[in-house]
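Visitor: Using only what follows, build the 3D model:
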Amino acid sequence: MALDMESLVEATSGAVAALVSTTILYPLDTCKTRYQAENRAHQHQRYRNISDVLWEAISKGQVLSLYQGLGTKNLQSFISQFIYFYGYSFFKRLHLRESKSKSIGTAANLLIAAASGACTAIATQPLDTASSRMQTSDFGKSKGLWKSLSEGTFSDAFDGLGISLLLTANPSIQYTVFDQLKNRLLKSNVNKQTDEVSSPEAISAFSAFAYGAVSKCIATCLTYPAIRCKVVIQSAKSDESEDGKPQSRPRKSITGTLCSIWEREGILGFFKGLQAQMLKTVLSSALLLMIKEKVTKTTWVLMIALRRFMLTRPNLRNLAESVRCSPW
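Guide: Sure, this is the predicted structure:
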């Protein structure tokens with residue numbers, strides 16, 4: 001089966017960009033996740049705001065623990081973004097070929113993004129669950145990937161899968177908005193290339209950052225209650241009752257978790273940590289898309305150079321010829 005070069009470039013650049021942005025913003029992500037995971041009545045809250053998490057780490061001399069689970073999170077981010085961007089690019093190009101259209105509509109874009117997101121969620125859910133448990137473990141007491149996954153049953157590794165599938169609407173909205181903004185900008189400044197193999201068009205780093213921030217902001221606001229529910233489901237820590245005795249973990253069903261949040265925190269509980277989520281995800285998405293736009297050009301050149309190198313080697317020629325640079 002021939003490989004789609006452009007989809008491969010999109011996937012590689014997206015995965016590399018995700019790795020960089022995740023590493024840079026990981027301490028903020030840990031603070032945000034621990035704050036969101038707390039599901040208690042207002043008067044018994046351990047964290048009043050996201051900064052309390054940071055001060056707790058500093059006061060305990062556990063600042064480096066803000067990076068607990070970074071390796072697992074990076075692995076999950078790299079794999080998920082590679083699968084997502086490859087699927088998104090491949091299915092989009094397939095749709096354009098089959099429909100014989102020059103552009104893709106909003107509805108089709110949303111459907112393609114949702115399908116790509118569903119494949120990503122299923123493939124990486126155990127890693128997502130493990131990283132959430134590591135982040136919400138006590139500072140300095142986080143367990144490794146294998147221990148985090150092997151403590152419970154096989155199904156426990158897929159905690160939150162249902163809501164993760166529901167949250168495929170988030171990247172669907174995000175990348176649809178981003179693509180529409182990007183296409184409008186590119187239409188106003190079309191640059192035709194005469195190379196043997198034309199590389200994908202890229203926008204400026206500033207434009208990618210701004211459009212990435214706007215698109216993620218819209219997607220996050222629309223899907224935040226589900227995001228909060230997912231974090232509570234995957235949390236490693238149990239809550240405490242008013243007498244200080246530990247309670248069992250909240251029910252793992254979506255309905256049970258929603259009821260738990262409603263009973264303890266009311267309707268505002270569904271939006272607890274929204275500002276922190278906005279700060280982290282908007283910065284992360286904007287960084288990811290900005291880096292991806294810059295990495296795409298370099299990745300394309302490297303892929304073409306690698307293909308030409310392989311063509312000069314008889315034993316690698318068949319593999320090189322299976323890589324399609326201009327599939328349609």
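
Visitor: all helices of this structure, in order?
Guide: Assignment of helices within the chain using DSSP state H yields the ranges 5-37, 50-59, 70-99, 106-136, 145-150, 161-166, 169-187, 205-234, 254-265, 274-311, 317-321.

Visitor: Go through those helices and find the least confident stretch.
Guide: Lowest mean pLDDT within the helices of the chain: helix 317-321, a mean of 54.

Visitor: one step back: now the helices of the chain as JSON lines including mean neighbour count?
Guide: In short, each C-beta sits where N, CA and C put it, glycine included. Formatted as JSON lines, the helices of the chain follow (neighbours: other C-beta atoms under 10 Å):
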{"stretch": "helix 5-37", "mean neighbour count": "22"}
{"stretch": "helix 50-59", "mean neighbour count": "16"}
{"stretch": "helix 70-99", "mean neighbour count": "20"}
{"stretch": "helix 106-136", "mean neighbour count": "21"}
{"stretch": "helix 145-150", "mean neighbour count": "16"}
{"stretch": "helix 161-166", "mean neighbour count": "18"}
{"stretch": "helix 169-187", "mean neighbour count": "19"}
{"stretch": "helix 205-234", "mean neighbour count": "20"}
{"stretch": "helix 254-265", "mean neighbour count": "16"}
{"stretch": "helix 274-311", "mean neighbour count": "19"}
{"stretch": "helix 317-321", "mean neighbour count": "12"}
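
Visitor: Give me the distance between the residue minimising distance to the centre of the chain and N49.
Guide: Among the residues of the chain, the one closest to the centroid is S77, at 6.2 Å (C-alpha atoms, centre = their mean). In this view, S77 and N49 are 26 Å apart by C-beta to C-beta, to the nearest Å.

Visitor: and if you look at F270?
Guide: The value you get for F270 to N49, if C-beta to C-beta is used, is 17 Å.

Visitor: Then K143?
Guide: Noted for K143: a distance of 27 Å to N49, by C-beta to C-beta.

Visitor: neighbour-wise, which of those two wins?
Guide: In this view K143 and N49 are compared by other C-beta atoms under 10 Å, and K143 has more residues nearby, 17 against 13.

Visitor: so that one makes contact with Q135?
Guide: No - counting by C-beta atoms under 8 Å, K143 stays clear of Q135, with 11.7 Å between them.

Visitor: can you tell me which residues contact the residue nearest to the centre of the chain?
Guide: By C-beta atoms under 8 Å, 6 or more residues apart in numbering, S77 lies in contact with 15, 18-19, 22.

Visitor: try 6 Å this time
Guide: 18, 22 (C-beta atoms under 6 Å, 6 or more residues apart in numbering).

Visitor: How about A226?
Guide: 163, 166-167.

Visitor: Can you tell me which of the residues you listed lies closest to T124?
Guide: Nearest to T124 among those: L167, at 12.6 Å, using C-beta to C-beta.

Visitor: Hmm, T168 is touching A114, no?
Guide: Yes - between T168 and A114 a contact is recorded at 4.8 Å, counting by C-beta atoms under 6 Å.

Visitor: So for these two, which residues contact both of them?
Guide: Listed as contacting both T168 and A114 by C-beta under 6 Å, 6+ apart is no residue at all.

Visitor: distance of the residue lying closest to E10 once chain neighbours are set aside from A208?
Guide: Nearest residue to E10, sequence neighbours excluded (C-beta to C-beta, 6 or more residues apart in numbering): S89, at 4.0 Å. Separation of S89 from A208 (C-beta to C-beta): 16 Å.

Visitor: what does L28 give?
Guide: 20 Å.

Visitor: Same check on I24?
Guide: For I24, the distance to A208 - C-beta to C-beta - is 16 Å.

Visitor: With K60 instead?
Guide: K60 is 38 Å from A208, by C-beta to C-beta.

Visitor: now swap in L279 and tell me
Guide: For L279, the distance to A208 - C-beta to C-beta - is 19 Å.

Visitor: residues in contact with stretch 10-21?
Guide: 74, 77-78, 81-82, 85-86, 89, 284, 287-288, 291-292, 295-296, 299.

Visitor: mind running it again at 7 Å?
Guide: 74, 77-78, 81-82, 84-86, 89, 284, 287-288, 291-292, 295-296, 299 (C-beta atoms under 7 Å, 6 or more residues apart in numbering).

Visitor: just stretch 134-142 next, same as before
Guide: For stretch 134-142, using C-beta under 7 Å, 6+ apart, the contacting residues are 30, 33-34, 37, 57, 60, 62, 65, 68-69, 72, 143, 148, 235-237.

Visitor: Just give me the closest of those residues to G105.
Guide: For these, the nearest to G105 is T33 (35.7 Å; C-beta to C-beta).

Visitor: Which residue lies closest in space to the closest one, excluding its sequence neighbours?
Guide: T33 sits nearest to Q135 (C-beta to C-beta, 6+ apart), 4.5 Å away.

Visitor: Give me the distance between the one you found and S89.
Guide: Distance of Q135 to S89, given as C-beta to C-beta: 30 Å.
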